[in-house]
Structures are given as C-alpha cells and as structure tokens.
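Asks: just coords:
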C-alpha cells in the first residue's frame, strides 16, 4: 500500500493514539508520539488521517439507533397542544440559547444510562443527539424539556404563550438544579 503514509504526516494506532511519521522502511512505520516517545508499527496497524476520520464505530452507531427507538422519543409524557409546544420550544431556545442542545444531550445520556449502556455516553455527539431530539414529535420534545426542568408539562407549555419574563423565570428556576452541568455543557465543542 505505497503512499498511505508520508514523512511528517499524522498516523493513528488502533487505540487512537496519534503519532508523526519519521520514516517508513520494509513495511514498518517509525513514528514519534507527542511526548517524544519513539515507536515502530507495521503498516497494517496504523491509519492515516483520512482513514482515521472515515472509520465507523459500530458501538456509537448502536447508541443512536437505541436512542431513536427509546420509549422517551416514541411516547409522549402528557397530551400537549402541538402549536403551543412549538411556540414554547422556540421561545425557550430564544431566551436560553443552547438549552435544546443541552436537553437533547441530557435526555440521551439518561436514556442510555437507564438502558444499561452508560459506556456509550462518552462517545455521544451533541449534534447527533440534537438531530434525534428534533426528529421526535413536537409534543414529545416539549414534554422532555418540561421534565428536564422539573416542571409539569401542561403548565410549562401553557407558560410558553405568556410573556418572556415569565418564561425566563420558569427556565431559570428549572435550570437551577442543572446550573453547573449547563455551564460546563456550553463550553463543550459541538461535534
């Protein structure tokens, strides 16, 4: 497989460690790690940057499949008005940017943990969690957000039709229990 690796290029071992190629000789790739440690690997044990970026992780894909099929995304927690739910979600996102991303990620984390798949949480993508969240019916999404904020779903959706100040107060009260987690979440890179 000539041309897969080049001097000075990044390569990745199967465990995800990154190395820089120093030399290639007789099928062995001699590398240096970020900490300066030297190592030699057979070409078959390494991936170049393109191969590494294009790999699929079956466990991660399994996590998203499980989430899409999870009961929380298929059955509403309460009978909620569709239009009022849409208005409430839009207002919540406008008043507290990033709240729906946080809700999607938190709901996914809880669902996987409750299903006994807590090991899959570390590999979750905020973007993919949000896509799954957005694919759910609007009344289900509003109910999930209300439950996260520890608010009765009917009252929460009804408050969406009232003024911004009432909704802002309701959001702040509900987020008080998640303040540290929400602040840390805002600093995370969206991937």
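Replies: Alright, I've got the coordinates. Bear in mind the structure is a predicted one, so any value in this text is a computation, not a measurement. Residues are numbered from 1 along each chain as shown.
Asks: residue 13 touches residue 44, doesn't it?
Replies: No: counting by CB atoms under 8 Å, residue 13 does not reach residue 44; the two are 11.5 Å apart. Where C-beta positions appear, they are placed from N, C-alpha and C, glycine not excepted.
Asks: more neighbours, these two?
Replies: Taking neighbours as other CB atoms under 10 Å, residue 13 and residue 44 compare with residue 13 leading, 16 against 10.
Asks: what about the residue of the chain most remote from its centre, distance to residue 43?
Replies: For the chain, the residue at maximal distance from the C-alpha centroid (CA atoms, centre = their mean) is residue 26, at 41.7 Å. Using CB to CB, to the nearest Å, we find residue 26 at a distance of 10 Å from residue 43.
Asks: helix or strand with the lowest mean pLDDT in this structure?
Replies: helix 49-54 (a mean of 73; mean pLDDT, DSSP states H and E).
Asks: just checking, what packs against the top strand by length along the chain?
Replies: What stands out as the longest strand in the chain, according to DSSP state E, is strand 18-25. Identification of packing neighbours for strand 18-25 by 3 or more CB pairs under 8 Å, 6 or more residues apart in numbering; DSSP states H and E yields strand 10-13, strand 28-33, strand 38-42.
Asks: contacting residues around it?
Replies: Strand 18-25 is contacted from outside by 5-13, 29-34, 38-39, 41, 43, 46, using CB atoms under 8 Å, 6 or more residues apart in numbering.
Asks: pop the domain breakdown of this structure in here.
Replies: What automatic domain parsing lists as the domains of the chain is 10-54, 58-186.
Asks: confidence score at residue 33?
Replies: The model reports residue 33 with a pLDDT of 88.
Asks: for it, which non-adjacent residue is spatially closest?
Replies: Nearest in space to residue 33, with sequence neighbours left out and distances taken as CB to CB, 6 or more residues apart in numbering, is residue 19 at 5.5 Å.
Asks: now do the one you found, the pLDDT please.
Replies: 91.
Asks: write down the beta-bridge partners of it, one by one.
Replies: residue 11, residue 33 (DSSP bridges).
Asks: biggest helix in this protein by residues?
Replies: Using DSSP state H, we find that the single longest helix of the chain is helix 99-114.
Asks: quick check: residue 161 vs residue 143, distance?
Replies: Counting by CB to CB - residue 161 and residue 143 are separated by 16 Å.
Asks: compare neighbour counts for those two and give me the winner.
Replies: A direct count of neighbours by other CB under 10 Å for residue 161 and residue 143 places residue 143 higher, at 24 against 14.
Asks: about what we covered before: and the longest helix of the chain, what does it pack onto?
Replies: Against helix 99-114 (3+ CB pairs under 8 Å, 6+ apart) you get helix 58-69, helix 82-95, helix 126-135, helix 138-148, helix 179-186.
Asks: can these go into CSV with extra columns for distance to residue 105 and mean pLDDT?
Replies: As requested, these are arranged in CSV below (distance: least, CB to CB, whole Å; pLDDT from 0 to 100):
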stretch, distance to residue 105, mean pLDDT
helix 58-69, 11, 75
helix 82-95, 14, 95
helix 126-135, 5, 93
helix 138-148, 11, 95
helix 179-186, 7, 89
